[in-house]
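# Sequence first, then the predicted structure, then my questions.
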Amino acid sequence: GDSVTQMEGPVTLSEEAFLTINCTYTATGYPSLFWYVQYPGEGLQLLLKATKADDKGSNKGFEATYRKETTSFHLEKGSVQVSDSAVYFCALSDSLAGGFKTIFGAGTRLFVKA
Amino acid sequence: EAQVTQNPRYLITVTGKKLTVTCSQNMNHEYMSWYRQDPGLGLRQIYYSMNVEVTDKGDVPEGYKVSRKEKRNFPLILESPSPNQTSLYFCASSLRLAGTYEQYFGPGTRLTVT
């Protein structure tokens, strides 16, 4: 079945450091890929998405490129801020699999130190 | 304000005592879903609904029931809760855009079953 694997955390960075959170997936069809962010005590919010191979999603300085050849969707940001401290979830939605199933990774907690 | 609301936000109950967690959205979304979040496991889909009176099982449906009698509401019912259902629960509603789903999450319900 479909699955999402993302790097284990926590990831601890200093402010202005470069961020990469790795995400790889397996899917039977042609999934859409997402990054969601969860701030402390809140629900998840959509950060960015990509719907087909080679698409780049971007938002708030974060980017991720849909790489079909490596089945990856790594999240990057050039310069993190303390306010980026949160849990980040990679997810896929495979409409060809039928229905409305979304598979999430386990989440990666990011701490950014001032 | 567009939002997904859940009630209650916190609930402590005892094994076997039936409970309902309500979920309501004001965005006229057709798709709604329930997830549970457990440490190290990310979010796992319990049930989803693609329209009024249309529901289907997600990955972990055992011990849960749902109903979708109105478009805006999607309650989660635990007929006989057990301690292994202690978790953080999220409701989400979704907009389908160009074949993909963008999900909007509620703030979560933390359930403890003793």
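Thanks, I have it.

# which ones are touching residue B:37?
B:43, B:44, B:87, B:88, B:89, B:90, B:108 (CB atoms under 8 Å, 6 or more residues apart in numbering or on different chains). All C-beta atoms are positioned from the backbone trio N, CA, C, and that covers glycine.

# Leaving out sequence neighbours, find the closest residue to residue B:60.
residue B:44 (4.9 Å; CB to CB, 6 or more residues apart in numbering or on different chains).

# burial of residue 8, as a residue count?
No chain was given, so I picked chain A. Counted with other CB atoms under 10 Å in any protein chain shown, residues neighbouring residue A:8 total 12.

# nope, chain B please
Residue B:8 is flanked by 13 other residues according to other CB under 10 Å.

# Kindly report the same for residue A:10.
Around residue A:10 sit 10 other residues, with neighbours defined as other CB under 10 Å.

# Then the one 3 residues further on?
Neighbourhood size, residue A:13 [other CB under 10 Å]: 16.

# try residue A:79
Using other CB under 10 Å, residue A:79 has 11 neighbouring residues.

# Checking it next. Helix, strand or coil?
Under DSSP: H, G, I helix; E, B strand; the rest coil, the three-state class of residue A:79 is coil.

# That one and residue A:57: what is the separation?
Here the criterion is CB to CB, to the nearest Å. By it, residue A:79 lies 18 Å from residue A:57.

# which residues touch residue B:11?
Residue B:11 sits next to B:19, B:21, B:109, B:110, B:111, B:112 when contact means CB under 8 Å, 6+ apart.

# Tell me how many other residues crowd the closest residue to residue B:9 other than its chain neighbours.
Residue nearest to residue B:9 in three dimensions, not counting chain neighbours: residue B:109, with 5.9 Å by CB to CB, 6+ apart. Per other CB under 10 Å, the neighbour tally for residue B:109 reads 22.

# OK, contacts around the residue found closest to residue B:79 once you drop the neighbours it is linked to in the chain?
Closest residue to residue B:79 apart from its sequence neighbours, by CB to CB, 6+ apart: residue B:18 at 5.5 Å. Residue B:18 makes contact with B:77, B:78, B:79, B:80, B:81, according to CB under 8 Å, 6+ apart.

# tell me the contacts of the nearest residue to the fourth one once chain neighbours are set aside?
Spelled out, that is residue B:80. Spatial nearest neighbour of residue B:80, excluding adjacent residues (CB to CB, 6+ apart): residue B:16 at 5.1 Å. Going by CB under 8 Å, 6+ apart, residue B:16 touches B:80, B:81, B:82.

# if we can go back for a sec, pLDDT at the residue nearest to residue B:60, what is it?
At residue B:44, the model reports a pLDDT of 93.

# neighbouring strands for the one helix or strand it maps to, and are they parallel or not?
Using DSSP states H and E, residue B:44 sits in strand B:42-51. Applying DSSP bridges, strand B:42-51 is found paired with strand B:31-38 (antiparallel), strand B:54-57 (antiparallel).

# which residues touch that strand?
Strand B:42-51 is touched from outside by A:4, A:44, A:89, A:91, A:99-107, B:30-38, B:55-61, B:64, B:66, B:68, B:71, B:74, B:76, B:89-90, with contacts defined as CB under 8 Å, 6+ apart.
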